[in-house]
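**Student:** Fold the following, please.
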Amino acid sequence: MRRHFSRRLLAGSALAALARPFVAAAQTPAWSPDRPVRLLVGFPAGGVTDVIARVTAEGMTKALGQPVIVDNRPGAAGNIAAQQLAQMPANGLTLLMTTNGSHGANPTLYTSLGFDPIRDNTPIAMLASVTNVLVVHPSVAANTVQELVDLAKAQPGRLNFASASSGSAGHLIGEMFKTRLGLDITHIPYRGAAPAQADILAGRVEMLFGTLQTVLESVRAGQLRALAVTARARVPSLPDVPTLAETVMPGFSADAWFALIGPPGMPDPMVARFQAAAATGLADPVLRERLTQQGVSVEVGTAAELRDLLPQEIAKWGAAVRLSGARAD
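**Tutor:** This next block holds a predicted model:
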């Protein structure tokens, strides 16, 4: 009896010893970077893309055990950074924080991108989205969207609307607003959200479709007047501000989105590791709250979901570009 028990114990011990390597293998990532990772951002420091990138980089640094360093490469509404990514080796050392600009509207907005928005990248994960807010300088004699529309029609060519850049969500939404309502207003592009914000605060431009993160504190301080949001429903941080859909543009909605992609040909283990690191990093309550307080909705998706979404977004924003007649070059 004792011998039978000992055999069973030895057999169990042997099986456990054999199982341990498999357990360790399951717990150890198949791949992880052994050097710092560069996260390209196609916009200047201070804008919403940069803010989301820096919070994401902080979370991913903890999850990966390697620094993730934000590298701002502004220009052409994100196209310059996307071009650089397309030329990088798929070694897991360079990523890009992309948006619905470079991988949504720009393929139609620009005659030549310098990269293919589908082939020249490897989708990793959707990270976040944010609504835009139609704001005006307090000197503008309009307290509602309808009053702004009436003012623009009464004084054609007088009003200017700013945006972070040609081809940005704020630009394209402004063009849709202008076209759909038959308004004669002029687009003023800037090199990033921060200088656009500075000029509307100074009264040098009258209106702006700015990201919620960019304009929220100025609205709360009474420095800007919020007339509408571009989301499907009102947002908790501005509960008294109506949507464009419930005012002058029934059925309309347009949110900016932010996603993580790598160079073309990135192997699946790298993709899985970065997706998991982004999900883990942005699950940190402190980091998540830092974004949600600024009006950013965080929801990390999968590589497959992003791969399916990109062609749909290119078609959606492309249709909006053609409807508006906007061109960036």
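**Student:** Shouldn't residue 320 be within a helix?
**Tutor:** Yes: assigned with DSSP: H, G, I helix; E, B strand; the rest coil, residue 320 falls within a helix.
**Student:** Run through the residues that contact the closest residue to residue 185 other than its chain neighbours.
**Tutor:** Once flanking residues are discounted, residue 185 sits nearest to residue 159: 4.6 Å by Cβ to Cβ, 6 or more residues apart in numbering. All C-beta spots, glycine's among them, are computed from the backbone N, C-alpha and C. Applying Cβ atoms under 8 Å, 6 or more residues apart in numbering to residue 159 gives the contacts 140, 151-152, 183, 185-186, 206-207.
**Student:** Give the buried subset of these as a PyMOL selection command.
**Tutor:** In PyMOL, a selection of the buried entries from the contacts of residue 159 looks like this (16 or more other Cβ atoms under 10 Å):
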select buried, resi 140+151+152+183+185+206+207
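**Student:** List phi and psi for residue 37.
**Tutor:** Backbone torsions of residue 37, given as degrees, to the nearest 10, read phi -110, psi 140.
**Student:** on that earlier part again, relative to residue 319, which of the contacts of residue 159 is nearest.
**Tutor:** Residue 319 has its nearest neighbour among the contacts of residue 159 in residue 183, at 20.0 Å by Cβ to Cβ.
**Student:** Wait, the closest one touches residue 149, no?
**Tutor:** Yes: counting by Cβ atoms under 8 Å, residue 183 does reach residue 149; the two are 6.8 Å apart.
**Student:** Tell me how many other residues crowd residue 78.
**Tutor:** Using other Cβ atoms under 10 Å, residue 78 is surrounded by 29 other residues.
**Student:** separation between it and residue 98?
**Tutor:** 7 Å (Cβ to Cβ, to the nearest Å).
**Student:** Now for these two: what residues contact both?
**Tutor:** With contacts defined as Cβ under 8 Å, 6+ apart, the residues shared by residue 78 and residue 98 are residue 42.
**Student:** In strands only, show me the contacts of residue 159.
**Tutor:** Judged by DSSP state E, these include 186, 207 as members of strands.
**Student:** Contact partners for residue 188?
**Tutor:** 160-163, 196, 199, 205 are the contacts of residue 188 under Cβ under 8 Å, 6+ apart.
**Student:** could you redo the last one with a cut-off of 7 Å?
**Tutor:** Contact analysis of residue 188 by Cβ atoms under 7 Å, 6 or more residues apart in numbering lists 160-162, 205.
**Student:** which of those residues are buried?
**Tutor:** Those of the contacts of residue 188 that meet the buried threshold are 160-162, 205, by 16+ other Cβ under 10 Å.
**Student:** ok, so what distance separates residue 228 from residue 191?
**Tutor:** Distance from residue 228 to residue 191, counting by Cβ to Cβ: 26 Å.
**Student:** The two - which one has more neighbours?
**Tutor:** With neighbours defined as other Cβ under 10 Å, residue 228 and residue 191 compare such that residue 228 has more, 27 against 14.
**Student:** Wasn't the more buried one part of a strand?
**Tutor:** Yes: per three-state DSSP, residue 228 lies within a strand segment.
**Student:** is it true that it touches residue 241?
**Tutor:** Yes: at 6.4 Å, residue 228 counts as touching residue 241 under the criterion of Cβ atoms under 7 Å.
**Student:** So which of the buried ones among the contacts of residue 188 is the closest to residue 214?
**Tutor:** Nearest to residue 214 out of the buried ones among the contacts of residue 188 is residue 162 (Cβ to Cβ; 10.9 Å).
**Student:** need the contact list for that closest one.
**Tutor:** 188, 190, 196, 199-200, 205, 208.
**Student:** Please name the residues that touch residue 290.
**Tutor:** Applying Cβ under 7 Å, 6+ apart, we find residue 290 in contact with residue 55.
**Student:** Burial check on residue 59, number of neighbours?
**Tutor:** Applying other Cβ under 10 Å, we find 23 other residues in the vicinity of residue 59.
**Student:** check which helix or strand covers it.
**Tutor:** helix 48-64 (DSSP states H and E).
**Student:** And the next helix or strand past that helix?
**Tutor:** The helix or strand immediately downstream of helix 48-64 is strand 68-72, counting by DSSP H and E.
**Student:** Tell me which other helices or strands the following helix or strand past that following strand touches.
**Tutor:** Going down the chain from strand 68-72, the next helix or strand is helix 79-86, by DSSP H and E. If contacts are counted by 3 or more Cβ pairs under 7 Å, 6 or more residues apart in numbering; DSSP states H and E, helix 79-86 sits against strand 37-41, strand 94-99.
**Student:** what packs against the first one?
**Tutor:** When contacts are defined as 3+ Cβ pairs under 7 Å, 6+ apart, strand 37-41 packs onto helix 48-64, strand 68-72, helix 79-86, strand 94-99.
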